[in-house]
Structures are given as structure tokens and as C-alpha cells.
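Asker: for reference, the sequence and a predicted model appear below.
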Amino acid sequence: MVEILKTFNEKHEQTGTAPREEVHRKGFWHETFHCWFVAKEKEDIGLYFQMRSSEKKDYPSLLDITAAGHLLADESVRDGVREVKEETGVSVSMDDLISLGVIRLTDPGIRRGFSDNEFAHTFLYKYTGGTDRLVPQQGEVDGFYRVSLDEVEALFEGKQETALLQCCSVPAGPDKEASADDFLPHGHQYYLNLVKKIRGVFD
């Protein structure tokens, strides 16, 4: 099945539609849905990352948004919530989510013939399901990991070289250490801005 996406100019004005492969080959702007799981335990805020499947064509085995996906040409932003159930096994509705706004992401790609320019409709979900309830979508996600927001901030500010990843998948796997290079290359400032937005929700 060929996925058809809406295409946009840099002002977020729709210009047409195109197959997903063409969108990335030509670097067309398109829309995505991002949902970050966050949990607060006492004073510590944890941010949940998925580890992309080692089988993925794009960015295999890198740490990414808890649940995310492309919005198809016939879908609204509200339809994007389907990604959460598919990738995490957790059922949520749009009413459960807190909007963090539309974030522009641009990445020329690390491989020839691939680029990614997104208008990411970004949401936060206050997750209360515990650290061993997330079920990875086979073939898409290899696991989920909780990382302290303080460690995410310190890592991308360059104050420490690695962050501790606490496994929170079913079945459970080992905890790990990760460097900044183990995360999807959205850019350090993206992650620092995300930390700021999340702290604003909990303040």
C-alpha cells in the first residue's frame, strides 16, 4: 500500500499530495503526529523513548519519540492518536493529551536520497501505567526506556556523556547507557526545547 501524504511549503500552507517515498526523497514538508509519555515520581520527571526496530529502513535502533507517525492525506491531527495504541499498547484519546504545539523539524538525513522536513503536531501524555506496561509493536519498536528529564537536559547540554535508560517494556530487558548519538538526530536544541516545554507543564 502506497502512503499518500499532504505536502506543504515552509509557511505550512498545503501545496498538494505525494507518496511518502517521494516526500522524503525530495524533502517536501509534511505533517506528523508526536506523543511523548511523561511520568513524575516524587521530584523526578521521566521521559519515555522508544527504541526503533533494528529492522527499520530509516534510523534503525535509535531512540525516538514514545509514539509517532506520519499523518496521511486523508487524516486529521486527531487521527494521529492511533499511533499511540499501535506502538505502545496503551489506549489514549485526544482528550488525554496536552498540546505542546507544532514543532518544525528539519533533517537533511544521514543517507543519500533521504531528507525529513516535518510539521510535528506534538503532544504530552501523563503516563501512570508503571514502568513495565508498554508493549512494543513488533517490527516497529524494539523496546521502551524511561530517562530522567534532568539527564536528558544534561546530555544535550554536553554536561555528561551518557544517560541511563531504564527499560520499561514487556517483556523487560536490561537497562542501558546511551550517548547523544544514540538518539534520533533532531538536533540538541530540539531536545532542550522539549525539556523546557515539559517542565512548563509540570510547574
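Answerer: Everything's here; your move.
Asker: what comes up buried for the one helix or strand residue 119 maps to?
Answerer: When elements are defined using DSSP states H and E, residue 119 is found to belong to strand 116-126. Going by neighbour count (16 or more other Cβ atoms under 10 Å), the buried part of strand 116-126 is 116, 117, 118, 119, 120, 121, 122, 123, 124, 125. Heads up, the C-betas are built off the backbone N, CA and C, glycines and all.
Asker: and the contacts of that strand?
Answerer: Residues outside strand 116-126 that contact it (Cβ atoms under 8 Å, 6 or more residues apart in numbering): 8, 12, 24, 27-40, 66, 68, 71, 77, 80, 84, 92, 96-107, 109, 197-198, 201.
Asker: same question for stretch 81-96.
Answerer: Defining contact as Cβ under 8 Å, 6+ apart, one finds that stretch 81-96 is touched by 33, 35, 37, 50, 66-69, 78, 97, 125, 127, 129, 133-137, 140-141, 144, 170.
Asker: kindly report the same for stretch 16-23.
Answerer: Contacts to stretch 16-23, defined as Cβ under 8 Å, 6+ apart, come from residues 2, 3, 4, 5, 6, 7, 26, 28, 30, 70, 73.
Asker: in helices only, show me these.
Answerer: residue 26 (DSSP state H).
Asker: now residue 166. Nearest residue, chain neighbours left out?
Answerer: Across the structure, with Cβ to Cβ, 6 or more residues apart in numbering as the measure, the residue nearest residue 166 apart from its sequence neighbours is residue 146 (4.4 Å).
Asker: my read is that that neighbour contacts residue 38, right?
Answerer: No - under the criterion of Cβ atoms under 8 Å, residue 146 is not in contact with residue 38, lying 9.6 Å apart.
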